[in-house]
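Asker: Structural data only, the sequence is not supplied:
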């Protein structure tokens with residue numbers, strides 16, 4: 001259970017990284033819309049979407065772990081920025097590869113943070129694999 005909570009925490013933290021990328025690319029309006037959507041549609045995610053979120057979260061946690069090690073070994077701000085950009089790209093690929101849009105993934109991540117029952121549901125989906 002501890003490992004699962006860590007996994008989901010990593011995914012939710014990573015959501016913040018991807019939200020930062022989306023904000024830089026699309027403007028803060030898109031990010032604000034995703035946050036509003038998460039707050040108003042907490043219970044409106046299908047089981048399929050939640051399963052895709054759980055699957056993508058596992059992939060993102062692994063990517064985050066790999067790139068964290070690379071960041072620790074990187075020298076200089078430019079090298080670190082390059083690693084961050086590559087990691088964000090890989091995380092976005094993982095989300096899109098799961099069948100979710102980044103905005104939906106972020107909205108689910110925010111909803112999971114705010115709703116303990118939803119967090120439990122996603123944890124159970126992750127354990128079932």
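Answerer: Here it is on my side, so go on. For clarity, every value in this text was computed on a predicted model and none was experimentally measured.
Asker: alpha carbons only for contacts and neighbour counts from here, please
Answerer: Noted.
Asker: Quick one: mean pLDDT over stretch 106-124.
Answerer: For stretch 106-124, the mean per-residue pLDDT is 92.
Asker: Which positions within that stretch qualify as buried?
Answerer: Buried residues in stretch 106-124, counted by 16 or more other CA atoms under 10 Å: 106, 107, 108, 109, 110, 111, 112, 118, 119, 122, 123.
Asker: cool, and stretch 93-102?
Answerer: Buried residues in stretch 93-102, counted by 16+ other CA under 10 Å: 93, 94, 95, 98, 99, 100, 102.
Asker: What segments of this structure are helices?
Answerer: In the chain, the segments counted as helices under DSSP state H are 2-26, 28-40, 47-73, 77-97, 102-114, 116-127.
Asker: what's the distance between the nearest residue in space to residue 105 that is not next to it in sequence and residue 63?
Answerer: Closest residue to residue 105 apart from its sequence neighbours, by CA to CA, 6 or more residues apart in numbering: residue 53 at 6.2 Å. Counting by CA to CA, to the nearest Å, the gap from residue 53 to residue 63 is 15 Å.
Asker: what's the answer for residue 51, then?
Answerer: Separation of residue 51 from residue 63 (CA to CA): 19 Å.
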